[in-house]
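> model this:
(one chain, ligands or ions: 1)
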Amino acid sequence: MADFLRTWLSIGLVGLVFYVVLPARAVLITLPLQLNTTFYDYVIVGGGTAGLTLASRLTENASTTVIVLEAGISDQHFPNLQIPFIAPTLSPKTQVDWNTTTTAQPGLNNREIPYIRGHVLGGSSSINYLFHQYCSSDDWDRLSSISGDINWEWTRMAKYHENLVASADFHNTIGQFDGSDHSKTGQVPISLPGSNQSIDTRVLATTQQLAEFPFNLDTGGGDHSLLGVGFLISSAGNGTRSSSSTTYLNSSVINRPNLVVLVNVTATMLFQSGNSTNGLPSFRSLHYTATPPPGNLTLGTIQRVTATKEIILSAGAIGTPQLLMLSGIGDSAALARLQINTTINNPSVGANLSDHMLIPNVFAVNGTGTLDDLLRNATTQASTLNQWKTTKKGSFANSVSNTYGFTRFPANSSIFNTTPDPSAGPNTPHWEIILSNFFFQPGTAMPSTGNFLTVVTVPSTPTSRGSVTLRSNNPYDQPIVDPQYLTTAFDMSAAVESVKGALRFISAPAWSGYVVGNFSNVLKTATSDALIEQYIRGIAGSAFHGVGTAAMSSSNATTGVVNSDLTLKGVDGVRIVDSSVFPFIPSCHTQGPVYLLAERAADIIKAANN
Ligand SMILES: Cc1cc2nc3c(=O)[nH]c(=O)nc-3n(C[C@H](O)[C@H](O)[C@H](O)COP(=O)(O)OP(=O)(O)OC[C@H]3O[C@@H](n4cnc5c(N)ncnc54)[C@H](O)[C@@H]3O)c2cc1C
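Numbers count the residues shown, from 1 in each chain. This is a model prediction of the structure:
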């Protein structure tokens, strides 16, 4: 999708840069020489989803000093990040993406696929697709049980909620969400779709016609079951993206004298600055350099910064284990092969990578209300862009979907014959269905004519586990990202069942005469599970929800990277707060869980240091 959208939007986006005026926010520091000191209470590596949440919360106390080091650029120069609908054009292979590619994936016919992660202030929350939920209460309860910390239970995490605002067009949203499930005092504005799409009524009719896909009044998860199909809640307010940068780092926060945000700098290594009173190695200093241009591996001038209280790693599920390993914290045999001295031997660092897959199933439809012509027609794009610029309404104010949902496999499903149910509990989905009113098949050129429906499916509880390892001891070298997609029998069966579920969804009477046929010739002739499997291996991609590479475990566990209070095991002075600490992938999109994690982390850190 990204390629064709970038093409069709290129003219409009150029226009946007000139016309959209961003709200005034303080200029971020880009040169280390501008710093007054190299000592701060907290040094946060990564100004992404979790990192900026923490920076904002920790500097609420005016006497607490914080520096954030962000490898990417400032989001303030990229107003197109704010337009929800064009999110898929922001990556891959752009200035705001790390441009990481996976290793050849055996489960995907040995394809190497883009592994997108934000390289910009706000991190992945600045470029993601804005789906927003908190996953199931079971997911949080499992985290609590694995970590041995009751405070990760959903009932105790629910207080860290978002701020539900009106839909972009202020339409009547009664029947589209449950207001009692949402806080109005949180930091991240979220909202319902601002404009109807022609397929919305068919989707809703399907929930009446097929018992398998009941209507879900609220898809936010947490207090409300995720199961069923309903309206998408987006991390957008008034038609504009809510990222961790636009929300937690708003103009009043960025102007705090006790907060410094340094962009375009890459942390390259933590180093031991002493020992704690109980004999653990203390890591409170780190090295960083100006971020080099892509592909430049020559080490730049090294700067040093020291935390008087803690270093907090929020560099994401790839960046955090990479930095740990560069610092000698990881599997000692692997580190030795790269001439890195081991300080802490912990083979769990970088292991256990878990990610969701996205399977885009495209169907030709008999109808003209799709958004395909918007994608093809420059005049319509220009007027839609203009509508967004002037009113923050219209198709560009919405995410790529209005409706979606989650479902479980029946308890007696043959899929459980060989693998016990990997879900966190009975209210946790096994797969997700997303309805998009246009052609959405990453990597495939959009047909020049025709109208399409894309039914994306996402298996929610994958059991395949991959890894992040170092390619070399050069901090600018991309790490080796190997998610091992679809390498378990359960994951392959779940993927096949999700596609069959998508086919059942569109076989409801509501779609009769509308869906004309499969776009994919492979799916068209896939008359057996084995053939559907082949189709999936050729088409599936990442949903960019990687977790698990610095997994949380109880303090007496023999595996894992952080304790339940997010302190790095075997080390003094370091915590990890980002998606890498989830030992299991939450069953929904991951930014909501990351925000909650970071909110609680801020409370833990404040309590520990007061
Ligand atoms: C394309 C895309 C679409 C997605 N869509 C959705 C969605 O619709 N809904 C949803 O819920 N989730 C979505 N996600 C996932 C979600 O956005 C992430 O799980 C979440 O934002 C991760 O937060 P994080 O804090 O762990 O990492 P990030 O937000 O990625 O932050 C990590 C930050 O650390 C910086 N960094 C890394 N290494 C270093 C270093 N050495 N020095 C300095 N800085 C460093 C990075 O540049 C980045 O800014 C999507 C992700 C992507 C990439």
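> Setting aside sequence neighbours, what's the nearest residue to Pro429?
Counting by C-beta to C-beta, 6 or more residues apart in numbering, Pro429 lies nearest to Phe406, which is 3.4 Å off, once chain neighbours are set aside. Backbone N, C-alpha and C define where each C-beta goes, glycine included.
> Most proximal residue of this protein with respect to the ligand?
Going by C-beta to the nearest ligand atom, the ligand is nearest to Gly48 of the chain, at 1.8 Å.
> how deep is the closest residue to that residue other than its chain neighbours tucked in, by neighbour count?
Of all residues not flanking Gly48 in the chain, Gly123 sits nearest, at 2.0 Å (C-beta to C-beta, 6+ apart). Neighbours of Gly123 under the rule other C-beta atoms under 10 Å: 34.
> same check, this time on Thr469
Thr469: 23 neighbours (other C-beta under 10 Å).
> For Val481, see how far away it is.
9 Å (C-beta to C-beta, to the nearest Å).
> Could you do Thr268 as well?
From Thr268 over to Val481 (counting by C-beta to C-beta), the distance is 19 Å.
> of the two, who's got more company?
Val481 (28 against 19).
> which residues sit against the strand or helix carrying that one?
In this assignment (DSSP states H and E), Val481 forms part of strand 480-482. The set of residues external to strand 480-482 that reach it, using C-beta atoms under 8 Å, 6 or more residues apart in numbering, is 100-103, 105, 115, 318, 353, 466-471, 546.
> still on that earlier bit, what pairs with the residue nearest to Pro429 across the strands?
Taking DSSP bridges as the rule, Phe406 bridges to Leu227, Glu432.
> Provide a list of residues in contact with it.
With C-beta under 8 Å, 6+ apart, Phe406 has these contacts: Asn216, Thr219, Leu226, Leu227, Gly228, Pro429, Trp431, Glu432, Ile433, Ser460, Ser587, Cys588.
> Highest neighbour count among those residues?
Within those, most neighbours by other C-beta under 10 Å means Ser587, with 32 neighbours.
> And what about it, helix, strand or coil?
coil (DSSP: H, G, I helix; E, B strand; the rest coil).
> before we move on, the earlier item: help me confirm that the residue nearest to Gly48 comes into contact with Gly46.
Yes. Under the criterion of C-beta atoms under 8 Å, Gly123 makes contact with Gly46 at 6.5 Å.
> element containing Ser145, please.
Using DSSP H and E, Ser145 falls in helix 137-147.
> Which elements pack onto that helix?
helix 154-157 (3 or more C-beta pairs under 8 Å, 6 or more residues apart in numbering; DSSP states H and E).
> Could I get the full set of helices for the stretch 201-350 of the chain?
Under the criterion DSSP state H, counting those that start in this stretch, the stretch 201-350 of the chain contains helices at 244-247, 251-254, 316-326, 332-337.
> Looking at the ones you listed, which is nearest to Ala551?
Nearest of those to Ala551, taken as C-beta to C-beta: helix 316-326 at 10.1 Å.
> and the closest one, average pLDDT?
The average of the pLDDT scores along helix 316-326 is 98.
> what does the stretch 251-400 of the chain put close to the ligand?
Residues of the stretch 251-400 of the chain found near the ligand (C-beta under 6 Å from any ligand atom) are Thr266, Ala267, Ser314, Ala315, Gly316, Gly319, Leu323.
> got those as JSON lines, with neighbour count columns?
Output for these, formatted as JSON lines (neighbours: other C-beta atoms under 10 Å):
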{"residue": "Thr266", "neighbour count": "21"}
{"residue": "Ala267", "neighbour count": "27"}
{"residue": "Ser314", "neighbour count": "32"}
{"residue": "Ala315", "neighbour count": "30"}
{"residue": "Gly316", "neighbour count": "27"}
{"residue": "Gly319", "neighbour count": "27"}
{"residue": "Leu323", "neighbour count": "26"}
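> how about those residues, which pair is most distant?
Thr266 and Ser314 (13.9 Å).
> circling back to that earlier point, tell me the buried residues in the helix holding Ser145?
Within helix 137-147, the residues that count as buried by 16 or more other C-beta atoms under 10 Å are Ser137, Asp138, Asp139, Trp140, Asp141, Arg142, Leu143, Ser144, Ile146, Ser147.
> Dump it to PDB, restricted to CA.
The C-alpha trace of helix 137-147 is given here as PDB (Å, rounded to 0.1, in the frame of the first residue of the first chain):
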ATOM      1  CA  SER A 137      -8.000  -8.000  30.600                       C
ATOM      2  CA  ASP A 138      -6.600 -11.600  30.300                       C
ATOM      3  CA  ASP A 139      -3.500 -10.200  28.600                       C
ATOM      4  CA  TRP A 140      -2.800  -8.000  31.600                       C
ATOM      5  CA  ASP A 141      -3.700 -10.700  34.100                       C
ATOM      6  CA  ARG A 142      -1.200 -13.100  32.400                       C
ATOM      7  CA  LEU A 143       1.500 -10.400  32.700                       C
ATOM      8  CA  SER A 144       0.700 -10.100  36.300                       C
ATOM      9  CA  SER A 145       1.000 -13.800  36.800                       C
ATOM     10  CA  ILE A 146       4.200 -14.200  34.900                       C
ATOM     11  CA  SER A 147       5.900 -11.300  36.600                       C
END
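> Give me the residues contacting it.
150-155, 157, 221-223, 423-428, 552-554, 563-564, 582-584, 586-588, 593.
> leaving aside the residues next to it on the chain, what's closest to Asn366?
The nearest residue in space to Asn366 (C-beta to C-beta, 6+ apart) is Val516, at 5.1 Å.
> for Glu599, same thing?
Tyr160 (3.8 Å).
> did I read that right, that neighbour in a strand?
No. Tyr160: not assigned to a strand; according to three-state DSSP it is coil.
> neighbours of it, just the number please.
21.
> and what of Leu259?
22.
> hang on, isn't it packed against Val253?
Yes. If you go by C-beta under 8 Å, Leu259 and Val253 touch, sitting 6.8 Å apart.
> intersection of neighbour lists for these two?
By C-beta under 8 Å, 6+ apart, the residues touching both Leu259 and Val253 are Ala55, Thr59.
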